[in-house]
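>>> dropping the sequence and predicted coords here.
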Amino acid sequence: MTTPWLDHVALATDDLDRAAAVYRRLGFNLTPRSSHSGDDGPWGTGNHCAMFRDGYFELIGITDPALYHDHLKAALARYTGLHLIALGTDDSQNAYDEAVSRGVAIDEPYGIARQVPHGDSAREGRFHITQVDPAWFPEADFFFCQHHTPDVLWQADLLDHPNGVTGLAGVTLVASDPEATARRVAAVSGVTGTESEDGHRFVLARGTIDVVAAEGLGRPFAGIVPPVLPWVVAVTFTVADPQAIEERASSQGIKTEAAGGGIWIGPDDADGALLVFRT
């Protein structure tokens with residue numbers, strides 16, 4: 001078995017322009033907008049991405065209401081914020097076979113593509129997605145992602161960010177039954193989690209997934225109350241200097257809080273996501 005890694009995390013927004021403005025204000029170097037499609041044609045969704053040397057962060061929204069897929073509408077009906085968690089794999093078929101062997105309800109791999117701005121033109125980014133059944137895992141839009149054209153996404157001029165973020169480090173879910181959620185995360189990832197006072201942590205080949213109970217959320221994130229359960233509450237980034245993030249946020253009138261050697265910014269200032277920055 002090959003241990004997967006945290007490939008990307010995505011925030012679903014009801015206004016891509018607004019979300020992009022928020023994240024540029026926070027110091028992320030975002031890609032120009034691109035659009036998704038599959039074997040069934042255009043999907044009516046688009047994105048902006050913050051690309052890092054390790055993983056990436058995606059803003060995704062509906063760009064054509066006549067074409068969009070219902071799963072994003074259902075996510076946005078629950079809340080604007082973090083919804084998509086993608087585990088990286090080099091072999092989508094093997095990831096599917098192993099997940100099935102562990103009792104995961106999961107779809108067979110399927111291909112998608114998007115036109116990615118590249119210099120003065122665009123190139124096609126191609127992927128295979130292996131989607132976990134949302135009825136089996138309602139906490140997030142959870143899937144495996146195999147990149148066939150990584151050079152199209154990870155362009156050198158996109159990897160440096162004014163806020164000093166260097167990588168995607170983790171994602172945190174809040175669940176009403178964290179033990180049950182943790183068992184299903186273990187089944188999907190093939191990773192045995194470790195238990196602590198605040199919940200369960202899964203250390204992937206790169207990055208982590210944390211599962212916590214609502215009552216434990218206040219220990220690391222004072223004052224944060226889940227709007228619904230389950231909820232993908234936080235995404236964690238590595239950063240060269242947390243102080244630089246704090247200074248940038250302060251210059252924009254954005255409040256930061258200390259957390260375990262790093263800092264965090266609350267959902268009200270980040271289009272529904274709690275952002276954690278640490279070295």
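Cool, got the structure.

>>> if I look at the most far-flung residue of the chain relative to its centre, how far off is Gly46?
Using Cα atoms, centre = their mean, the residue of the chain lying farthest from its centre is Asp120. It sits 28.0 Å away. In this view, Asp120 and Gly46 are 20 Å apart by Cβ to Cβ, to the nearest Å. Heads up, the C-betas are built off the backbone N, CA and C, glycines and all.

>>> likewise Ala270?
Distance from Ala270 to Gly46, by Cβ to Cβ: 20 Å.

>>> could you do Leu274 as well?
According to Cβ to Cβ, Leu274 and Gly46 sit 24 Å apart.

>>> so for the two, which residue has more residues nearby?
Leu274 (26 against 20; other Cβ atoms under 10 Å).

>>> next up, phi/psi of the closest residue to that one other than its chain neighbours, please.
Spatial nearest neighbour of Leu274, excluding adjacent residues (Cβ to Cβ, 6 or more residues apart in numbering): Ala234 at 4.1 Å. Main-chain dihedrals, Ala234, degrees, to the nearest 10: phi -140, psi 150.

>>> contacts only, for Ala234.
Going by Cβ atoms under 8 Å, 6 or more residues apart in numbering, Ala234 touches Leu82, Gly170, Val171, Thr172, Phe221, Trp264, Ala273, Leu274, Leu275, Val276.

>>> what helix or strand is the last one on?
By that I understand Val276. Using DSSP states H and E, Val276 sits within strand 274-278.

>>> neighbouring contacts of that strand?
By Cβ under 8 Å, 6+ apart, strand 274-278 touches 26, 165, 169-170, 172, 221, 224, 233-239, 242, 245, 259-267.

>>> mind listing what's buried along stretch 157-174?
158, 161, 163-174 (16 or more other Cβ atoms under 10 Å).

>>> what about stretch 14-33, how long is it end to end?
Using Cα to Cα, to the nearest Å, one end of stretch 14-33 lies 15 Å from the other.

>>> quick one: mean pLDDT for it?
For stretch 14-33, mean pLDDT rounds to 94.

>>> what's next to it, contact-wise?
Under Cβ under 8 Å, 6+ apart, the answer for stretch 14-33 is 11, 13, 46-51, 57, 59-63, 76, 80, 116-117, 158, 160-165, 245, 248-249, 252, 254, 265, 269-271, 275.

>>> OK, contacts around Arg78?
Here Arg78 is in contact with Val228 (criterion: Cβ under 8 Å, 6+ apart).

>>> ok, it to Glu215 distance?
Noted for Arg78: a distance of 21 Å to Glu215, by Cβ to Cβ.

>>> now swap in His147 and tell me
38 Å.

>>> who has more neighbours, these two?
More crowded of His147 and Glu215, by other Cβ under 10 Å: His147, with 18 against 9.

>>> count the neighbours of the residue lying closest to that one once chain neighbours are set aside for me.
Leaving out its chain neighbours, the residue that sits closest to His147 by Cβ to Cβ, 6+ apart is Phe127, at 5.8 Å. By other Cβ under 10 Å, the residues close to Phe127 number 22.

>>> and if you look at Ala258?
Counted with other Cβ under 10 Å, residues neighbouring Ala258 total 11.

>>> now swap in Pro117 and tell me
When neighbours are counted by other Cβ under 10 Å, Pro117 comes out with 15.
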